[in-house]
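In: I need the structure of the sequence given here:
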Amino acid sequence: MQNPVLVEVTRGEIVESRHRGMAVVVDGDGAVVMSLGEVDAPVFPRSAVKSMQALPLVESGAADRYGFGNKELALACSSHSGEPGHMQLAGDMAGRAGLGEPDFECGCHWSSEQKVLIAQARAGDKPNQLGNNCSGKHAGFLCLACHAGVDHHGYVGYDHFVQASVRDVMSDLTGTALGHDNCGTDGCSIPTYAAPLKNIAHGFARMASGVGLGPERAKAAERLMAACMAEPWHVAGTGRACTTLMQIAPGRIFAKTGAEGVFCATVPEMGYGIALKCEDGSTRGAEAMIGAVLAKLFADDQDLSARLGDWSRKTLKNWNGIEVGTIRPVGELA
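Out: Model (predicted):
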């Protein structure tokens, strides 16, 4: 089966590029609400599943021990832009467990927010691990290890208590056996696991609806998603897709991107989980896809559906500000 073309990029009136993909919407019971492409194919969800990876932080009591509120929990689920507020909060989170930037094991990179990057370069700064887009998640990992009384060194390793805890949670949520056979290494050095796209969507539907979850896990899942929806800037950053989608419909959409064209989301009021992948790994394709899927799900709310649909279509301009084309959902997402 070939994945369908779901996004086109035009130049003038001519289609210049096409993005194929797969997308699936599932309810808490596992029933498929929408399905496009090879949704049973395994994909690496990458950073789109950070809210799943943060569940042990809440379930263990570590989040409460260190006084984490919505901002801290949102950052623990984030792929942030490395803006000053993100970096400061990640350092503060680890500091509550008596740790600091040298204890992180995610690696260093510059801010992805252009204005911040320019300011860093002008100031002669050097990137540090707090600026890594995954530093919020790693702050949570460090706090989990300290709360559990285990050595935090090597916490990114497959066999470490932290990663074993994450693996158990994700396996339970997705109903997928996770191990060395479907494991890769993520950009921030932790294990990442390939699972069928439909199973990933079902995991998010279970988090959104609580179906099939024990009371503590259901409560923790609801708390994490509520924190992200309450503090969307801490999930991504200025002008970012995740932040914007949650701002368009406050409290009604949870959305999280992942590398290589992955996007996951939930619609809590419907109990739906969404997972999609732009086949070629394109961010622009994945963003158009998630906006279009959400617009269809909110069809009964015409105003919200229109705003999501408009967001999913982008006008392309050149450096002189001249309109040169569009990015648009097509086919069953049109």
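In: Could you report the neighbour count for residue 332?
Out: Using other CB atoms under 10 Å, residue 332 has 15 neighbouring residues. Using the backbone N, CA and C atoms, a C-beta is placed for each residue, glycine as well.
In: Sorry, slip of the keys, the one I care about is residue 175.
Out: Quick note: residue 175 (other CB under 10 Å) scores 15 neighbours.
In: Residue numbering should commence at 48 henceforth.
Out: All set: I'll call the first residue 48, so the last point we hit is now residue 222.
In: How about it: what's its closest non-neighbour residue?
Out: Nearest residue to residue 222, sequence neighbours excluded (CB to CB, 6 or more residues apart in numbering): residue 246, at 5.7 Å.
In: Pull the helix or strand containing the one you found out as PDB, backbone CA atoms only.
Out: Using DSSP states H and E, residue 246 sits in helix 244-256. Extracted C-alpha coordinates of helix 244-256, given in PDB (Å, rounded to 0.1, in the frame of the first residue of the first chain):
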ATOM      1  CA  LEU A 244       1.100   4.500  14.300                       C
ATOM      2  CA  LYS A 245      -2.400   3.300  15.200                       C
ATOM      3  CA  ASN A 246      -1.100   2.000  18.600                       C
ATOM      4  CA  ILE A 247       0.500   5.400  19.300                       C
ATOM      5  CA  ALA A 248      -2.800   7.100  18.600                       C
ATOM      6  CA  HIS A 249      -4.600   4.700  20.900                       C
ATOM      7  CA  GLY A 250      -2.100   5.400  23.700                       C
ATOM      8  CA  PHE A 251      -2.900   9.100  23.400                       C
ATOM      9  CA  ALA A 252      -6.700   8.300  23.300                       C
ATOM     10  CA  ARG A 253      -6.300   6.300  26.500                       C
ATOM     11  CA  MET A 254      -4.500   9.300  28.100                       C
ATOM     12  CA  ALA A 255      -7.200  11.600  27.000                       C
ATOM     13  CA  SER A 256     -10.100   9.400  28.000                       C
END
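In: Could you give me the buried positions within that helix?
Out: For helix 244-256, burial by neighbour count (16 or more other CB atoms under 10 Å) applies to 244-256.
In: returning to what we had before: show me the contacts for the residue nearest to residue 222.
Out: 221, 222, 223 (CB atoms under 8 Å, 6 or more residues apart in numbering).
In: likewise residue 254?
Out: 98, 99, 220, 260, 268, 269, 271, 272, 313, 320.
In: Turn the residues you listed into TSV, including neighbour count.
Out: As requested, the contacts of residue 254 are exported to TSV (neighbours: other CB atoms under 10 Å):
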residue	neighbour count
98	27
99	24
220	25
260	19
268	27
269	17
271	25
272	24
313	28
320	30
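In: Would you state the strands of the stretch 98-247 of the chain in chain order?
Out: 230-232, 238-240, 242-243 (DSSP state E, counting those that start in this stretch).
In: Once you drop chain neighbours, what's closest to residue 82?
Out: Closest residue in space to residue 82, ignoring its immediate chain neighbours: residue 71 at 5.1 Å, by CB to CB, 6+ apart.
In: Can you get me a residue count around residue 74?
Out: By the criterion of other CB under 10 Å, residue 74 has 19 neighbours.
In: What helices and strands are in contact with the longest strand along the chain?
Out: Secondary structure of the chain per DSSP state E: the longest strand is strand 61-73. For strand 61-73, the packing partners by 3 or more CB pairs under 8 Å, 6 or more residues apart in numbering; DSSP states H and E come out as strand 52-58, strand 79-83, helix 244-256, strand 319-325, helix 330-344.
In: Can you tell me which of the ones you listed is most buried?
Out: Of the helices and strands packed on strand 61-73, the one with the most neighbours on average (mean count of other CB atoms under 10 Å) is strand 319-325, at a mean of 29.
In: Which strands border it, and is each parallel or antiparallel?
Out: strand 61-73 (antiparallel), strand 309-314 (antiparallel) (DSSP bridges).
In: Give the burial count for residue 168, as a bare number.
Out: Residue 168 has 11 nearby residues by other CB under 10 Å.
In: Same question for residue 363.
Out: For residue 363, using other CB under 10 Å, the count is 15.
In: sec struct for it, please.
Out: Recorded secondary structure, residue 363: strand (DSSP: H, G, I helix; E, B strand; the rest coil).
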